[in-house]
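Trainee: here is a sequence together with a model predicted from it:
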Amino acid sequence: MPKTIPQPDEVSKPFWDFVDQQKLTLQYCTACSRYQYPVRAQCYDCGKADNLTWKEVQGKGHILETMVVHDTRVVRRKIDVPFNVALVSLDEAPYINFLSNLPGTTAHEAPQGAPVELIFEPLEGAPGRFIHEWRVTK
Amino acid sequence: MTTDFDRGWQRNKTGLGVWEHRAKVAIAGYGYSELDRRWDGVSLDRTIGAFQVDAMEKAIADAGLTAADIDGLMVCPEAAGDSWAQADRGMNRPYFDPPYDTEDGLSYTTAEWLIAEFARRGTPLSNLKYIDGKAPYIGPEMGKAAQAVGDGLAKNLIMTYNMGNVEGRYHLEEGIYSPSGRQWSAPWGWMTSAMMQHAFVFLQYCTKYGGSRDNLAPFVINQRRNGLMTPWSFYTQHEPYQITVEDYLDARPVAWPVTILDSDRPVQHAAAFLFTTADRAKDMKQKPIYVLSHAQMTRPSRSTMGTIEDHEAATEDLVKILYDGAGVTAKDLDVFNPYDGFAVFTQTYLEAFQWHDVKRGEAFDFYKGDIRVEGPHPFNSSGGNLGNGRTRTAMYTDSIEQLRGIAGPRQIRLKAETAACGQVTPTSNGHIYLSTVAD
Ligand SMILES: [Zn+2]
């Protein structure tokens, strides 16, 4: 599963630095009391940047749904087809969702609604870097 | 000349009430080009620019006007559909003599190019007062054109849109790094396309209300059927046979549950619409089609992906703006052509519009019934993108033909005095409400 390598920008760099330390740390607006993912320059709710902080979350979630990619334009992923792409909601903030390939779960066999836990995968071709992933809780 | 009209023209929030120009604006002419699967790279009379001028000439003539009568021009200049992008090919395209010495006219068309081409053909658009060369895609563009005429920016406005397609495989996402917005999606194999977002929401729909992809079969088959009643559709021209339930169930998966038969086939095609004031339209060649309302919706996802709750809420707000603007309710809507490029989200629109009293969770049962144009529930009489190829305009041209009573074999057997149609996806779209009756 050679994922493409996320290229951090000015705004997202702290997020990916945390991920490389194997921590899932999201933006959090203290004015709105809301987490935010993906990273944005401003809060989705209040539109301001002033109150955005970083807050680590626990790595527990649930599978909302899972599709299966059979053909892809993402060239680096072509050798992986067919593969799962799940949408995972975060238990402590269910309005936050993440993509996941559900490593360890065969394509077309992902259990809808199942609990998942956070893991960190090393990124092929980027020594020392990681990416957040989710696997079905045993 | 006015070239900027981007100051809050959109009707994109609830509570706006009846549209201030309700029935004061009309569509008095329409036209469309031929349809090709793709441009062959050599035929200069079949470029997207040439097709677009053809469509515009037909729309102007349809209204009984000439190029000199046109005082407003609205063009979406973006490369629409799958066009020859250098970024995809890593090389330059060989060009031709003017007017094809740049990409303009080949993979997109600008207002300047169209104006020059009308002049070159000896029928200059010599009285333009209002030019909008930066209009959005067809969904909001229709509303913008209606608003511009209502606001008095032009009296006879020609509005045009194209979808282009060239040879080969394109939009490949190459390289091992994913920058900007792609850093949040491409690593997991997410493609830049509406396909995967809507696959998720469709799966959520099935979990919430029951059913599966199999329940879309009668809808997709009926779209093809309607497209086969359209003489110029891709399928009439090139694959003139019906698909079966088995074809649909066995279709090649792309991002399961979305298969190749849930996806629209890219084509090369253009359409144009002549908007004018209701007063002028009454004296023109065709029966006026009044614009009763328009509405737009743009609602970015809060997190990585929008959910079914987001899509249901967005479409319900959209419909409220549209219906309130027209002063109508669901039971007033005769002809309904919601977007279908991909098949997996059309039910979100159907249920939000409550056309023929279809409520949330009832679309699959509705699809099982008689949705043929001859029947009691002539759903999506255009055949949409799935039935015609990815024109994005067939929903509009069919709606006009239904209201004029000239849709031929596709003509619905029920009353056809009002129509609603739009583009594109549930959280990013524009819609328009049309009527043959002004009061
Ligand atoms: Zn905030």
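Mentor: Happy to help now that I have it.
Trainee: use CA for all of it now, contacts and neighbours both
Mentor: Will do.
Trainee: so what's residue 59 up against?
Mentor: Since you didn't name a chain, this refers to chain A. Going by Cα atoms under 8 Å, 6 or more residues apart in numbering or on different chains, A:Gly59 touches A:24, A:90, A:117-119.
Trainee: um, chain B though
Mentor: So B:Ala59 contacts B:29-32, B:158, B:272-274 (Cα under 8 Å, 6+ apart).
Trainee: what parts of the stretch 151-300 of chain B come near chain A?
Mentor: B:171-180, B:182-191, B:196, B:199-200, B:203-204, B:253-257 (Cα under 8 Å from any Cα of the partner chain).
Trainee: from those, list the buried ones, please.
Mentor: Using 16 or more other Cα atoms under 10 Å in any protein chain shown as the burial test, those include B:171, B:173, B:176-178, B:182-191, B:196, B:199-200, B:203-204, B:253-257 as buried.
Trainee: quick one: which of the residues you listed sit in helices?
Mentor: Per DSSP state H, helices hold the following members of these: B:196, B:199-200, B:203-204.
Trainee: residues near residue 57, how many?
Mentor: Using chain A here. A:Val57 sits with 15 neighbouring residues when counted by other Cα atoms under 10 Å in any protein chain shown.
Trainee: ah, no, chain B please
Mentor: 22.
Trainee: neighbours of residue 42, just the number please.
Mentor: Because you didn't say which chain, this covers chain A. For A:Gln42, using other Cα under 10 Å, the count is 17.
Trainee: oops, chain B please
Mentor: B:Val42 - counted by other Cα under 10 Å - has 10 other residues nearby.
Trainee: chain A: helices as residue ranges?
Mentor: So, for chain A - with DSSP H - the helices run A:13-20.
Trainee: need the contact partners of the longest strand along it.
Mentor: For chain A, the strand with the greatest residue count under DSSP state E is strand A:60-69. Outside strand A:60-69, the residues that touch it by Cα under 8 Å, 6+ apart are A:81-92, A:107-108, A:110-118, B:189, B:196, B:199-200, B:203-204, B:253-257.
Trainee: before we move on, the earlier item: name the nearest of the contacts of B:Ala59 relative to B:Phe118.
Mentor: Distance to B:Phe118 across those (Cα to Cα) is lowest for B:Ile158, with 12.7 Å.
Trainee: wait, the closest one sits on B:Leu274?
Mentor: Yes - the pair B:Ile158 / B:Leu274 is scored as a contact, 4.6 Å apart, by Cα atoms under 8 Å.
Trainee: now do the shared contacts for those two.
Mentor: With Cα under 8 Å, 6+ apart as the test, B:Ile158 and B:Leu274 both reach B:59-60.
Trainee: so between those two, which is more surrounded?
Mentor: Shown here are B:Ile158 and B:Leu274; by other Cα under 10 Å, B:Leu274 has more neighbours (30 against 27).
Trainee: give me the pLDDT for the nearest residue to B:Ser212 once chain neighbours are set aside.
Mentor: Leaving aside its chain neighbours, B:Ser212 sits nearest to B:Cys206 (5.6 Å; criterion: Cα to Cα, 6 or more residues apart in numbering or on different chains). Model confidence at B:Cys206, given as pLDDT, is 98.
Trainee: then B:Ser83?
Mentor: So B:Ser83 comes in at 60 (pLDDT).
Trainee: the longest helix in chain B is where?
Mentor: Chain B, longest helix under DSSP H: helix B:308-326.
Trainee: give me the distance from the helix or strand just after that one to the chain's centre.
Mentor: Downstream of helix B:308-326, the first helix or strand assigned by DSSP states H and E is strand B:335-337. How far strand B:335-337 lies from its chain's middle: 12 Å, per Cα atoms, centre = their mean, to the nearest Å.
Trainee: who does strand B:335-337 pair up with?
Mentor: Using DSSP bridges, strand B:335-337 pairs in its sheet with strand B:418-425 (parallel).
Trainee: and the partner strand, what's buried?
Mentor: B:418-425.
Trainee: repeat that for stretch A:85-95.
Mentor: Buried residues in stretch A:85-95 (16+ other Cα under 10 Å): A:85-91, A:95.
Trainee: same question for stretch B:291-304.
Mentor: Under 16+ other Cα under 10 Å, the buried positions of stretch B:291-304 are B:291-297, B:302-304.
Trainee: likewise stretch B:231-247?
Mentor: B:232-236, B:243.
Trainee: hang on, the earlier thing: for B:Leu114, state which of the buried residues of stretch A:85-95 is nearest.
Mentor: Looking across those and measuring by Cα to Cα, the closest to B:Leu114 is A:Val85, at 43.6 Å.
Trainee: from memory the closest one sits against A:Leu99, does it?
Mentor: Yes - using Cα under 8 Å, A:Val85 makes contact with A:Leu99 at a distance of 6.4 Å.
Trainee: what sits in contact with each of these two?
Mentor: With Cα under 8 Å, 6+ apart, A:Val85 and A:Leu99 have common neighbours B:Trp188.
Trainee: now the residue of the stretch 251-400 of chain B at minimum distance from the ion: closest residue in space, sequence neighbours ignored.
Mentor: Across the stretch 251-400 of chain B, no residue is closer to the ion than B:Arg302, which sits at 12.2 Å (Cα to the ion). Nearest residue to B:Arg302, sequence neighbours excluded (Cα to Cα, 6+ apart): A:Tyr44, at 6.7 Å.
Trainee: how many other residues sit next to the one you found?
Mentor: Neighbour number of A:Tyr44 under other Cα under 10 Å is 20.
Trainee: that older thread, sort out for me which of the buried residues of stretch B:231-247 are in helices.
Mentor: B:234-236.
Trainee: let me have the buried residues of stretch B:231-247 in CSV, adding distance to B:Thr329 and pLDDT as columns.
Mentor: Putting the buried residues of stretch B:231-247 into CSV (distance: Cα to Cα, whole Å; pLDDT from 0 to 100) gives the following:
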residue, distance to B:Thr329, pLDDT
B:Trp232, 34, 98
B:Ser233, 32, 98
B:Phe234, 35, 98
B:Tyr235, 35, 98
B:Thr236, 36, 98
B:Ile243, 35, 98
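Trainee: distance to B:Ile432 added to these, as CSV?
Mentor: Shown next, in CSV, are the buried residues of stretch B:231-247 (distance: Cα to Cα, whole Å):
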residue, distance to B:Ile432
B:Trp232, 24
B:Ser233, 23
B:Phe234, 25
B:Tyr235, 27
B:Thr236, 28
B:Ile243, 31
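Trainee: which one of these is nearest B:Asp279?
Mentor: B:Trp232 (32.9 Å).
Trainee: that closest one contacts B:Ser33, doesn't it?
Mentor: No - because the distance of 9.2 Å does not satisfy Cα under 8 Å, B:Trp232 is recorded as not touching B:Ser33.
Trainee: which residues touch the closest residue to B:Val201 other than its chain neighbours?
Mentor: Sequence neighbours aside, B:Ile308 is the residue nearest to B:Val201 in space, at 5.1 Å (criterion: Cα to Cα, 6+ apart). Each residue near B:Ile308 by Cα under 8 Å, 6+ apart is listed here: B:201-202, B:204-205.
Trainee: could you list the low-confidence segments of the chain?
Mentor: By default, I'm working from chain A. Low-confidence segments of chain A (pLDDT under 70): A:1.
Trainee: the chain in question should be chain B.
Mentor: B:1-7, B:80-92, B:168-170.
Trainee: for it, which residue is closest to the average position?
Mentor: B:Arg392 (3.2 Å; Cα atoms, centre = their mean).
Trainee: correct me, but that one touches B:Ser382?
Mentor: No - under the criterion of Cα under 8 Å, B:Arg392 makes no contact with B:Ser382, lying 10.7 Å away.
Trainee: now the strands for chain B?
Mentor: Using DSSP E, strands in chain B cover B:25-32, B:72-75, B:81-82, B:130-132, B:156-165, B:177-178, B:253-256, B:258-259, B:269-277, B:289-298, B:335-337, B:418-425, B:428-435.
Trainee: so what's the residue of the stretch 1-150 of chain B found nearest the ion up against?
Mentor: Closest contact between the stretch 1-150 of chain B and the ion, by Cα to the ion, is at B:Lys13 (21.2 Å). Going by Cα under 8 Å, 6+ apart, B:Lys13 touches B:297, B:317-318, B:321.
Trainee: I am finished for the moment; much appreciated.
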